[in-house]
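> My questions are about this predicted structure, shown below with the sequence.
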Amino acid sequence: MKIVLFTLLLFICPNLYAVEQIYNQTAISYSSERNESCEKAFLKTKKDALDYAGVLLESSLHLYTGERNNVVTKSASVDVRQIARGVVKLIDKTETVKKNEKGMYICKVTARLSIDSDSSKIQNKKYNGQLPSWVVQPIRVLNKVTVIGSASTQEGAILSAIFKYNMIYAGKVSIDKIFNELSDRKYKASSSGVSGRITDNIELTGLLKYEIDKNNEFIQSELARLKFVDPLKKQNRIIDMKRMRTDTTEFEDNESFRFKGDASIDSLITELQRSGFNVEYEEVVLNENNRWYVMLIANKLLDRLSNMSKNGKAWAMSDLGGRYLYGLGVIKNYNQAIQLLTAASQKGDKNSMNELGHIYLNGWGVKQNKEKAIYWYLKSDPESTFAKYLSKE
């Protein structure tokens, strides 16, 4: 009887068990027209939300030829708008606009968006043959601690996923800092980055940079370096990534990857798995172009981070503290975040110092205090342009 009733409920209410996920996205854009600037920034928040929800539009766009005449790439902005119309629901958004000395508008949009699992499934099926089998069939709805990276090489795809996980998706890039600096006539470029350990044997240095070039173009760059030491064979491997994108709605990337060293990719993947990541990877070939996709699922990472934090590992304290600060895979807890980040800072962890700056600047779990925020920003980086900017306000 229970089985019959359950089946009847699913027939009457097919979306009864659809999973709705909430995504908080922030993006900035640049234009001579105020409305256009904010429209482009809002479109970026939708694209990022779709990508994180498992609708791998961004990844599929990389499958273009050398002349960039691939239909998927050319219709990118149209695809985002069409998909978002049926999939993404806007809960609320805020817009902040500033005008620089050249008369150009810089707009920052922060949007809270919802995406449901059934819509994600429908959209992914449209990319059958262009994406890995573990994305298209069976369909996955990705959670808050899952990211996917892609590149023309397996090494690059791994670095791309780790970069997204630690910098963009984990909330460790300060878009507010970049927006404030670029709104100031003194700044033609602004960046936000992080460096630290992902595991005992993997270290990441990454930077997200925006700049206004001499042609008044708005350029976004992602720069990253991964260093890995094979603990068994004592071999090294270094992977470098550089991605650049102009501020258009076509979402085309100009990317390059370099790597050197004797440590194998298999040993790098083993290290990630040993440290609590589930790693899926696959190469897709389309129109004689190949693309590697790597998915990181941090299914056991929290337990490992907790144990390593108790053993005094500063990088683990920093990572876990950041999770409590932003509510990534755990319930947001400012007190726990401050405790972990302070302990890591006492051990010299620069990223934790920077996070404490964010805490005091925004008043997260503490009384808002700009002087303390400046102190921690400078402690993290004595040449911090953001700290100097704040001190002059």
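Sure, I can see it. Numbers count the residues shown, from 1 in each chain.

> Let me see the domain layout of this structure.
Domain assignment for the chain by automatic domain parsing gives 20-298, 302-392.

> In three-state terms, label residue 282 for me.
Here residue 282 takes the strand state, with states given by DSSP: H, G, I helix; E, B strand; the rest coil.

> so how far is residue 257 from it?
Between residue 282 and residue 257 the computed distance is 18 Å (C-beta to C-beta, to the nearest Å). All C-beta spots, glycine's among them, are computed from the backbone N, C-alpha and C.

> before we move on, what about residue 39?
32 Å.

> Flag every buried residue along stretch 195-204.
By neighbour count on 16 or more other C-beta atoms under 10 Å, the buried set for stretch 195-204 is 196, 197, 198, 199, 201, 202, 203, 204.

> Throw these into JSON lines and include secondary structure, thanks.
Compiled in JSON lines, these are given as follows (three-state DSSP):
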{"residue": "196", "secondary structure": "strand"}
{"residue": "197", "secondary structure": "strand"}
{"residue": "198", "secondary structure": "strand"}
{"residue": "199", "secondary structure": "strand"}
{"residue": "201", "secondary structure": "coil"}
{"residue": "202", "secondary structure": "strand"}
{"residue": "203", "secondary structure": "strand"}
{"residue": "204", "secondary structure": "strand"}
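
> what's the farthest-apart pair in those residues?
196 and 201 (13.1 Å; C-beta to C-beta).

> what's the spacing between the closest residue to residue 201 other than its chain neighbours and residue 156?
Of all residues not flanking residue 201 in the chain, residue 229 sits nearest, at 4.8 Å (C-beta to C-beta, 6 or more residues apart in numbering). Going from residue 229 to residue 156 by C-beta to C-beta gives 19 Å.

> Equivalent analysis for residue 97, please.
Residue 97 is 36 Å from residue 156, by C-beta to C-beta.

> neighbour count winner among those two?
Using other C-beta atoms under 10 Å as the criterion, residue 97 and residue 156 rank with residue 156 on top: 24 against 15.

> For residue 67, give me the pLDDT.
Listed pLDDT for residue 67 reads 37.

> swap in residue 20?
pLDDT, residue 20: 64.

> Next: residue 350.
pLDDT, read off for residue 350, is 88.

> Spatially nearest residue to it, not counting backbone neighbours?
The shortest distance from residue 350 to any non-neighbouring residue, by C-beta to C-beta, 6+ apart, is to residue 380 (4.8 Å).

> Tell me how many other residues surround the one you found.
Residue 380: 20 surrounding residues under other C-beta under 10 Å.

> and it, what does it touch?
For residue 380, the contacting residues are 350, 351, 353, 354, 357, by C-beta atoms under 8 Å, 6 or more residues apart in numbering.

> Now render those as JSON lines, adding neighbour count.
Converted to JSON lines, these look like this (neighbours: other C-beta atoms under 10 Å):
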{"residue": "350", "neighbour count": "17"}
{"residue": "351", "neighbour count": "24"}
{"residue": "353", "neighbour count": "22"}
{"residue": "354", "neighbour count": "26"}
{"residue": "357", "neighbour count": "27"}
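
> Now intersect those residues with the helices, please.
Secondary structure from DSSP state H places 350, 351, 353, 354, 357 of these in helices.
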